[in-house]
Structures are given as C-alpha cells and as structure tokens.
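Trainee: Here you go, sequence then predicted model.
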Amino acid sequence: MNREKVLEVNDLTVSFKTPNGLVRAVRGVSFDLYKGETLAIVGESGSGKSVTTRAIMGILAGNGVIDKGEILYRNQDLTKLSEENFHKIRGNKIGMIFQDPLSSLNPIMKIGKQITEAMLVNGDHFKTRYHDLYHTEYHDYLNKLTLIKLTHDKIKYRVNEIMSDDSLSKEEKHSKISEYKHEKHTLIKELKKDVPELKTEYLAKKKAAKAQIKAEKKQIKVDQKEKFRELLSQLKQHRSELKKAKSELEKDQIKKQIKSDLEQISQNKEAFKRQLKVTKKEAFEKAISIMNEVGIDQPEKRFNQFPFQFSGGMRQRIVIAIALTANPELLICDEPTTALDVTIQGQILNLIKQIKEERDLSVIFITHDLGVVANMASRVAVMYAGKIVEYGESADIFYRPQHPYTWALLSSVPDLDTTDKLLSIPGTPPDMLFPPKGDAFAARNKHALKIDFIEEPPFFKISDTHYAATWLLHPDAPKIEMPKIINERINRYKEQANRDVKKALKNGKVKTNAGDQVE
Amino acid sequence: MAKLKRMQVIKLNNREEILKVSNLKQYFKHGSGKNKIIVKAVDDISFTIYKGEVFSLVGESGCGKTTTGRTIIKLLPSTGGEVYFHGTRIISDVKRAKATYKATKKELKEIKIAKLTSLQEELKTENITSQEYSESVSQANEEYEEAKLDALNILKQEKRDRKFEHYVDPASKKESQKFNENSKEYIEISNMYLDLNKEIQKKINQLSSSISKNMPKEELSAAKKELSSLKKEIKLNGLRKKQDISRYKYNLVNRNRLLMRKMQMIFQDPIASLNPRMTVKEIIAEGLRINGVKNEAIIDKTVKDALKTVGLVPEHAGRYPHEFSGGQRQRIGIARTLVVEPSFIIADEPISALDVSIRAQVINLLNDLREEKGITILFIAHDLSVVKYFSDRVAVMYFGKIVEIGDKDKIFNNPFHPYTLSLMSSIPLPDPAYEKLRGELKRYNPSKEHDYSKEGPTLQEVEPNHLVLCNTEELNRYKSQLDK
C-alpha cells in the first residue's frame, strides 16, 4: 500500500545536560507516520516517549540537546530548523494536547480569549505574506550561519574525543588535531565565502517584498474608499428622500432602506478589516464553530467563562479546540486522558477519533494505558529506556507480543476476568545517567539470556509489519512461552471475537430474512 | 492458589462487623443568603464492612467516594449520620440527637401535665386526700426530672462522640491518677523485669566466675564483651520498665485514641502526601510518636520492620521522599499506615497516580498484607478492572448516593442500575477487536433513564447480597431480568 508519509523519525537521540551528567533520555528512535493513521507510543514514565514528541514539537527543555538523528516532516528536517522557521510548523502544522488540562490552560484568562489568542496573534495577513515573500532567501542565509556554527561545534567535540583517547601519544594527538582542524577550517572558509552574497540577496528580496506589500495594501485601501463613498452617497440620498417624503408608508419604506444601507456600510468596514487581518468577530465565529465541533454545549455562554468553571473533561475539550484552531495536519496527544475519569476518558477518545476521521489527521498518541491503545491505535510502538523495543500493527502487539517487556506490560494490568496473582515487573526503570549495557530490560527480565547483558539486540523481523528487539527471537535462543496470564487472556479474547463474529453473522442473517419477507 | 486462600479468609471471618456506616451525610455549604448553595457530597449512605474483606467504592470523580473515606476517618466533620468502628460509635449525629431530645422533653412534659390534671380532678372529687395528692405530685415531678436527665445524658453522649478521638473518660483519668506502685499492673510489669534481670544476673555470675587469666586471649575478650553487654541489658531493662509503665498509663487515658489509630488511610498522590523535608524514618515514625512511643530503639525497630514488609530496604530510612520512584513512595505511604498496626485501612485511589508496571506491585502488596495480617480494606477507586480483581464487595456511587451495592461477582455478572452499566461499558480492554466493535459509549442521564415522578427510589434487594437504588416498578423489571 502506497501511503503518504507525513513524519519520519530517524535514529533520534536526545540527551539532557544535568549537574550530575548527561541523561540519555532517547537513544536512537526511528519510526514513520503515514497520513490518517494513529501511532501509539506506550511505555512507563521515564521511557522517553514524551521527550520524543517534545523533540518533534521543538519544545525540549533548555538543557535538552538533540545529539543525532533527524525528524523529517514532509522532507523538512525539523532538528536543523531555526526558531523563526519553527513557528510556521509548531501549532500550525503540528498540534499538541497535553496531559493535564488544568495546568495547560491559563487560570486567569477567559476560555474564549485562550482559544482565539493564537488566531489573533498570527492574524495579520499582510505581515505573514511579507514574511513569506522573502522567507526562503532569509532562511538559506540563516541555515548557512547555523551550518558554520555546527561545524565549529563538531571541531570542539572531535578535539575533545581525540584528547580523551588514551591509546594515542601526545604528538599523535597534536598532529591529528591540527590535521582535523585544517580540514574543517578550509571547509568553513568555503562556506563563509557564500555568506555576503546570500545576505545581499535576502536583503534585496526583503526590500522588494516590503514595496510589494505596501502597494497591495494601498490598492485595497483605495478600492475600499471608493466603495465606501458609493455607499455613503446612497445613504445621503435616502436621507434627503426621507425629508421629502409625505405619506407614512413611503417614510417606512425609506427608513428600511436606510437601515439596510447602514448595515451594508458596517459590513463593508468589516470586510475591509478582514482583508487586512483576522478580526475579533471572525475569530469569535471560528472559535464558536470549533467549540461546537469538540462538543461544548452553549459555546456563546462558555466563551466568556474561566477554566475553573469547567469540569476536567470539558477542559480537555477546550485544549483540543485550541490545538485545532490552526488546522494542524499532525496531532500529538501526550497522555490526554490520564487525568480523567473512565467515562469521560471514553468520550474524549471518541472525540479525538471523530476529529481525526473528519479532518484526516495523523495522530501520535502517547499513553501507558494499554486499553486506550487498543481503542485508538492502528500501529503501536513500545518504548523502554529511550528505545523502541517492539513495534507493529495493534493486533500484532496485543495478540502476538514477542518482547518480554510487552509481556510484562500486558500482564501487570488486571482485566475483568483476571483472578491469578498479577505479574508485577520487579525493580525500577534504569537510571538513564548510566544507560545499561546490552538490553536495557535485562535486569528486570526473568527470561534474560547471558547475551542480553553484553550486547544490544537488533530488531528481529516477525512479519512485514511486526518487529521486536529481543535476543529471544534469535534462531539459537531457547524457546520461551509468553506468560500464562497473557496467553489465557488472548485465547479468551479470540473466543470472544469468534462469538461476536458469529453473532454478527446471525444478526445479518436475521436482517436479510426480514428483507426477504418484505420483498 | 491465591484465590483459594482469599476465599478462606473471607469465610473464616464472615460476618464480623468492622465498620458500620448508617445514613452518613456530608454537605458543603457555599455562599450566604440568596447565593447559598448546599453541595450534597455524600447523601445518606449506609453500608457495613466485615472483617478481612476488601470493600470497594467506585464512581466518577466528584461522586463523593473520597469524601466518604475522609469523613469516616474524621478528617472532615460529618453533617449527619453515624459510624460504628469495632462496635463503638466514633461519629454521631448531634443535630438529630438534639431534635429527638427536644421531642422527648415535650412528650414527657405532656405526660406530666396530663397526670397532674387527672390528680387535680381526683382531688376535686375527693377520691384522694390532699396529702396523697401532694405526694403523687412530687412523685410525678421526680419521674419527669429523671426521665429528662436520661434524655439529656443521651444527648451529652452524642455530643461527646462528635469529638470522640479527643474525649477522655473521667473515670479512666481517675484510674490513671490512682495508678501507683501498689497497683496490680504495676506489680506485674515490675515483676516481669525482675525475673528477666534475675536470669541475666545468673548469667553474669556464671561468666564472671568462669573468667580466668589463663584463658586464651580471644576467648577472654569475647567473654568480657558478653559480660559488658549483659550489664548493659540490665540497665536498659530499667529504662524499659519505666517506659512500659508510662505507656500503660498513657493507654489508660487515651483509649479512644487507641481505637482511632486502628483505622488508617493511604492517600492517592504519593508525592503530595509525603512531607519533602522529612526523612523516610521521620515520616513513618510520626504516627508512633503521636501515639506516645518515645523509645528510640523501639521506633527504629518498628520502622525497619515496616519498611521490610512493604518491600523496601531498611537502609532507605535515612533518605528523603524525592529520592524514590512513584511506586516506592506509595510503599512508604503504606508503611506509614502499617506502623501503628491498623485493623482497617482506607485506601483512597492508591494506584491511580502510579505507572502501569508499578500498579501491579502495589496491588500485590496490598493483597499480601490482607492475607497475612487480616487487614480490612476500604478501597476507593475508579478503575473497575482493578476493583473487580481486588475486592470482595463493591458499592457504586453516583452523586453522593450509593446506586448499587453487593457482592463483586453479583454486581459484575448482573449489573442492573443504568449508571453501573455505563461505567462497565467504558472500561478499556487491551483487545483491539473488542475496542473496534464497541462503538458509541452509553452515557448515563438520570432524567431520561428513570421516572421517579410517582415513586422515589430506595435501595432494594434484587437478589441476596445485591441491592440496587430503584423504585418498585424498576425492581420488578430487574427481577424479571434476573429470572431470564
């Protein structure tokens, strides 16, 4: 199936600089996201699932660094994007919903203002057009500058690496460093050659853009003035007619005309304003329609209320509404239902599903609740200690799990028919200051093999859609059955599914019979 | 296997009431005058918890399940209703008691007046002499005063029970004041230590006689060491005796407190419920100190034991809460409740704030505790799959009222109330096929589901040990459903 790829993450590595050292939060994550699909990322807290999505959104904390890898959004690498450029994507193309709706809303700001805020701030049409006009040249210039800076950084990094290599003697180190520096400095010189040219180009373009915008604005204003004069003269005429009119009937008619004239004038004014920017009225209308879409009753009344006047579920709806105002193509949901009740959780999940289908969104859904994943996801990635350990279609993960960590996750949650003792995962997730050697889950895994502690397992292919990183799948590994509790559960589900299919068939038959009778 | 064990626990201890809640109410008032709003967070609920079982309160947030727990443990003063713990009333309904006192007073007065008028008439008709008349009048007056005093005493008792945990019985206070060297218990305790000391003295004598300079060096030093430790023990015993006596005296006075300490609570958020400035040892020992334990050695030992039972290492005692993971923090919270040896624990959503993998650890820990120590648990939660796995009886709450209550299997196999049905339909399961088929959720809308215009709902028994909030018409419908 040839689908449109929206997002591609390749070997993403993120670490955080802390006083204690470098915390390696994400260690080489790769996945693709296609248009209109939901990818769920599952894992314990601290497994790096939130950090991954924050890196995609470009909102890592100040001490977070993307060491390696690329995030390709429509073939544009987000990791190398400047902050100004990112503004165009963050919020507009990629929306995000956070976990706690209370803390992601401003408590002293009315809901309506919060929904319309982004629209109004980004609402100056001419300003955005002006930026768009010289945008490519400007960013070519900026990218060149950052490239030079990155090369400088690379030199520093490499020099440090060489200095800390104990196998080399002092002279060797020096020679190596000078060699490397020479090589890189020539590269930088070459890069710097282009800079002045790029700068003049971008400045010229900027000037041209300014002039163009000015002309366009002027034209619009002139047009508007003409129209306005016409309307005004019409109004004057009607008013003089009113003075001359004799019978009551005539007067009434002219009064009506004057009223319509006044309306037209105000509409004309509004239309003129809308050509320039998003007006408050326009934003209000759009906000109301979106609030209706996310299922908020009486949006006009709710528009002027504060967050504390909303229940948890309603607050989450508002957050979703805010994310939708800019019409994003990709929606990242970071545990949107963890803070909510079961019944409300169901409503919100259904809402997200419905919006996804209506707008054909791609969704990245982060959660640790496997029930929610089963409900939402078309594909699932299980993360542990900053790595994806298993990924596949949701049926693969739930009916044919292969990685011991996925087993552990599945068996640690009771469902309605569980009576045996739950299998809890012993111990705690590893400290990512010192990422463990080999398989990160080995220390908590009772099926761990010797090699798990020495070498990291590669991804083994199970089917075209299903991969897992565990040595257990190696042909030489001992065969290990998945825990009894999951096996039983999956069998039960299968039985249930068969029964449901039969039932559906039966119902279908009943229906066709009825149809036959009617005919 | 685990299941079998649990069933036995329940059967053995069947029908011994630990907690009885009757008509408990908790209203919150807001505003005044025109804007006055009364929020009925808990509205007239009654249930009983038997020994060794896990009783679950389920419902959405805001339905009053946490408030119920907090009111039972007296973190909030109740608006009405009574709670009995181990057969003793710990929460009383003063408002109702006042009303009944007034009514009885009025009744008694009427009786007295009726009596007096009849006597006067008899006096007029000269059936009785004036002396007899005055005698019977004074008798009637006395009776009236006596009855009134009784009624007043009942009211006073109710008022006392309102501050049950702070009340000290004057009689026990007197007893503790009388307690001195001649009391029976004092002699018992001192005798016990005397015997202990005698034994130790014997050992010391043996050792000191056996020690000679001719012994090998190592043996000699070992013997000396033992000798000094034994001598220390005698000194310590003196201290222990003092402490035991003061503890006995404390227990005499603080009986009510001791009963209340049998009830403990585990809070939802392990981060917010632990003081970040206290070490784990201080946190866990706080309950002991409040309850009058002063011996550092005893505190140390109990803290370490508690840490071991919840699966932490004694070395953790010196650390601060932020150094632990979420699951470990919740374990500290559980250790804090266990240290005072409770018979009943109120667990207020202990696993909601935890990670999936750690939830299983905490559930297993709670399960072990109740199997080993026979602790009864009131489990407050909104996750139905956990509730079904963990509890024996379940009560479903909706807007301050219990809508369905009964044995777990009965409720989960035959849910009747529409709210319970909607709750059950919203449980997400790790089964994609099921989730795809589920479709639209059932939402509970009381005004659509019920018609209470003719007859209001009450809790009624549909089958043994299974009550549903409904009226007669609905009851009949549920019963016919059950027969099918």
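Mentor: Arrived safely, thanks for sending. Residues are numbered from 1 along each chain as shown, chains lettered A, B, ... in the order given.
Trainee: what about the residue in the stretch 351-500 of chain A that chain B sits nearest to, how many residues close to it?
Mentor: Closest residue of the stretch 351-500 of chain A to chain B, Cβ to the nearest Cβ: A:Gly371 (2.7 Å). No exception for glycine: its C-beta is placed from N, CA and C like everyone else's. Applying other Cβ atoms under 10 Å in any protein chain shown, we find 22 residues neighbouring A:Gly371.
Trainee: following the helix or strand containing it, which helix or strand comes up?
Mentor: Secondary structure from DSSP states H and E places A:Gly371 in helix A:370-376. Note on helix A:370-376: by DSSP H and E, the next helix or strand toward the C-terminus is strand A:379-384.
Trainee: Pull up the pairing partners for the helix or strand that that following strand is followed by, direction included.
Mentor: Downstream of strand A:379-384, the next assigned helix or strand under DSSP H and E is strand A:387-393. Strand A:387-393 sits in its sheet next to strand A:379-384 (antiparallel), strand A:467-468 (antiparallel), going by DSSP bridges.
Trainee: So what's the gap between the last one and the chain middle?
Mentor: So the one you mean is strand A:467-468. Its chain's average C-alpha position is 24 Å from that of strand A:467-468, according to Cα atoms, centre = their mean, to the nearest Å.
Trainee: Give me the mean pLDDT for it.
Mentor: What strand A:467-468 shows for mean pLDDT is 92.
Trainee: Pull the number of nearby residues for B:Tyr398.
Mentor: Other residues within reach of B:Tyr398 by the criterion other Cβ under 10 Å amount to 22.
Trainee: secondary structure class for the spatially closest residue to it that is not a sequence neighbour?
Mentor: Leaving aside its chain neighbours, B:Tyr398 sits nearest to B:Tyr419 (4.8 Å; criterion: Cβ to Cβ, 6 or more residues apart in numbering or on different chains). Look at B:Tyr419: counting by DSSP: H, G, I helix; E, B strand; the rest coil, its state is helix.
Trainee: other SSEs contacting the helix or strand where A:Glu282 lies?
Mentor: If you go by DSSP H and E, A:Glu282 is part of helix A:280-293. Identification of packing neighbours for helix A:280-293 by 3 or more Cβ pairs under 8 Å, 6 or more residues apart in numbering or on different chains; DSSP states H and E yields helix A:111-121, helix A:299-302, helix A:312-324.
Trainee: let's see it at 10 Å
Mentor: Applying 3 or more Cβ pairs under 10 Å, 6 or more residues apart in numbering or on different chains; DSSP states H and E, one finds that helix A:280-293 makes contact with helix A:111-121, helix A:248-276, helix A:299-302, helix A:312-324, helix A:342-359.
Trainee: residues contacting the nearest residue to the residue of the stretch 351-500 of chain A closest to chain B once chain neighbours are set aside?
Mentor: By the measure of Cβ to Cβ, 6+ apart, the closest residue to A:Gly371 outside its immediate chain neighbours is B:Pro428, 2.7 Å from it. Neighbouring residues of B:Pro428 by Cβ atoms under 10 Å, 6 or more residues apart in numbering or on different chains: A:337, A:342, A:345-346, A:349, A:367, A:369-376, A:415, B:385, B:434-435, B:438.
Trainee: Helices along the stretch 351-500 of chain A, start to end?
Mentor: For the stretch 351-500 of chain A, applying DSSP state H, counting those that start in this stretch gives helices covering A:370-376, A:394-399, A:404-411, A:484-518.
Trainee: Which strand or helix spans the closest residue to B:Phe412 other than its chain neighbours?
Mentor: The shortest distance from B:Phe412 to any non-neighbouring residue, by Cβ to Cβ, 6+ apart, is to B:Lys388 (5.5 Å). In this assignment (DSSP H and E), B:Lys388 forms part of helix B:384-390.
Trainee: Pull the distance from that helix to the chain's centre.
Mentor: 22 Å.
Trainee: For it, which helices and strands make contact with it?
Mentor: Secondary-structure packing of helix B:384-390 (3+ Cβ pairs under 10 Å, 6+ apart): strand B:54-58, helix B:356-373, strand B:376-381, strand B:393-398, helix B:408-413, helix B:418-425.
Trainee: angle of the first one against helix A:342-359?
Mentor: Pointing back at strand B:54-58 there. Calculated by axes from the mean of the first three to the mean of the last three Cα atoms, to 10 degrees, strand B:54-58 forms an angle of 40 degrees with helix A:342-359.
Trainee: quick one on the thing from earlier: which one of the helices of the stretch 351-500 of chain A has the lowest average pLDDT?
Mentor: Lowest mean pLDDT within the helices of the stretch 351-500 of chain A: helix A:484-518, a mean of 65.
Trainee: ok now do the residue nearest to B:Cys470 when sequence neighbours are not counted, which residues does it touch?
Mentor: Closest residue to B:Cys470 apart from its sequence neighbours, by Cβ to Cβ, 6+ apart: B:Pro457 at 5.4 Å. Contact analysis of B:Pro457 by Cβ under 10 Å, 6+ apart lists B:401, B:403, B:417, B:446, B:450, B:468-472, B:474-475.
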